[in-house]
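Chemist: A structural model of the following input is requested.
(one chain, ligands or ions: 1)
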Amino acid sequence: MQSFETLGLSGEIVDAVRKLGFETPTPVQSKAIPVLLQGQQDVVALAQTGTGKTAAFGLPLIQLMDENDNTTRALVLAPTPELAAQNGDSFRVYGKFLGLSTAVVFGGASMHKQKQAMFRGVDVLVATPGRLLDHVSQRSIRLDKVEILVLDEADHMLDMGFIHDLRRIATILPRARQTLFFSATMPPQIATLSRELLRKPATINIERKSAPATGITQALYPVPQT
Ligand code: AMP
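Modeler: Residues are numbered from 1 along each chain as shown. This next block holds a predicted model:
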């Protein structure tokens, strides 16, 4: 069985993972972590929420970033405020062990507070696309040093109408970057977007679980429409 050590993670990160109570890597972690640690390799991963994908990209990302210099070198885009906040929480926990700073920006919350959070600069920025562009237009965020871009739940971002925002953000970021594209499904529009944004990506496909999660019992009760 694979362990976090054999995936190439540093001692510090393996210790951090233990503290989180993760004993063995999930399938998406086993496949994605060694590929991402090579750096400069774009990746498309088909993985659903609940498979451990946040750590699959989060752990190698913080290892690649290594030192804290409070310039935004990693940008994680998520479709909803809730997912952005969850990602932010995970990065705060992972990054704490390496002293990396994280900020989260999403719509519906105070721009002013978000600007203050970013004032001193952050290493990892987690954002929803629309609010990120609001900050870019107000010059409260600089993206010219981004080395790693993560699109989390890309199919959801498409459903929510963010495709034009994503294309715009891609034009603002440095071209020389590593892009990681996570999606639960790969409809044609998402496949097209991945071809636009990624260069020679490695593809990671995690088999869909057909069984419900442990502890969940499913039942179907057909009822008349009334
Ligand atoms: P995610 O798919 O990233 O939303 O993760 C789903 C849940 O699994 C989160 O609560 C994680 O903390 C947890 N998790 C992720 N990786 C592992 C692991 N290797 N072992 C145990 N739990 C994990």
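
Chemist: show me the biggest helix of the chain in terms of residues.
Modeler: As assigned by DSSP state H, the longest helix anywhere in the chain is helix 81-96.

Chemist: Show me the contact partners of whatever helix or strand comes next after it.
Modeler: Next helix or strand after helix 81-96 toward the C-terminus (DSSP states H and E): strand 102-105. The contact list for strand 102-105, computed with C-beta atoms under 8 Å, 6 or more residues apart in numbering, reads 84-85, 87-88, 91-92, 95, 114, 117-118, 122-128, 131-132, 135, 141. Every C-beta, even on glycine, is put in place using the N, C-alpha and C of the backbone.

Chemist: those helices in the protein, which residues are they?
Modeler: 11-19, 27-37, 53-65, 81-96, 111-119, 129-137, 154-159, 163-172, 188-197.

Chemist: Up against the ligand, what does this structure have?
Modeler: 22, 25-26, 29, 49-55 (C-beta under 6 Å from any ligand atom).

Chemist: 8 Å instead?
Modeler: 4, 17, 20-26, 28-29, 47-56, 86, 90 (C-beta under 8 Å from any ligand atom).

Chemist: remind me which residues of the chain are low pLDDT?
Modeler: Where the chain drops to pLDDT under 70, the residues are 1, 207-213.

Chemist: let's see 80
Modeler: 1, 66-68, 96-97, 206-214 (pLDDT under 80).

Chemist: what does the longest helix of the chain contact?
Modeler: 13, 16, 20, 54-55, 58-59, 62, 76, 78, 100-109, 123-124, 126-128, 152-153, 156.

Chemist: what angle separates that helix from helix 129-137?
Modeler: In terms of direction (axes from the mean of the first three to the mean of the last three C-alpha atoms, to 10 degrees), helix 81-96 departs from helix 129-137 by 70 degrees.

Chemist: How far does helix 81-96 sit from its chain's centre?
Modeler: Put simply, helix 81-96 sits 9 Å off its chain's centre (C-alpha atoms, centre = their mean, to the nearest Å).

Chemist: before we move on, what about stretch 52-61?
Modeler: Per C-alpha atoms, centre = their mean, the centroid offset for stretch 52-61 relative to its chain is 7 Å.

Chemist: contacting residues around it?
Modeler: With C-beta under 8 Å, 6+ apart as the criterion, stretch 52-61 contacts 9, 13, 17, 22, 25-26, 28-29, 31-33, 36-37, 45, 47, 74, 76, 86-87, 90-91, 94, 124, 148, 150, 152, 180, 182.

Chemist: picking up where we left off before, show me the one of the helices of the chain that comes nearest Leu220.
Modeler: Proximity to Leu220, assessed across those by C-beta to C-beta, is greatest for helix 154-159 (25.2 Å).

Chemist: Give me the packing partners of that closest one, helices and strands only.
Modeler: Judged by 3 or more C-beta pairs under 8 Å, 6 or more residues apart in numbering; DSSP states H and E, helix 154-159 is in contact with strand 178-183, helix 188-197.

Chemist: Any chance of CSV for those, columns distance to Met160 and mean neighbour count?
Modeler: Shown next, in CSV, are those (distance: least, C-beta to C-beta, whole Å; neighbours: other C-beta atoms under 10 Å):
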stretch, distance to Met160, mean neighbour count
strand 178-183, 13, 24
helix 188-197, 13, 15
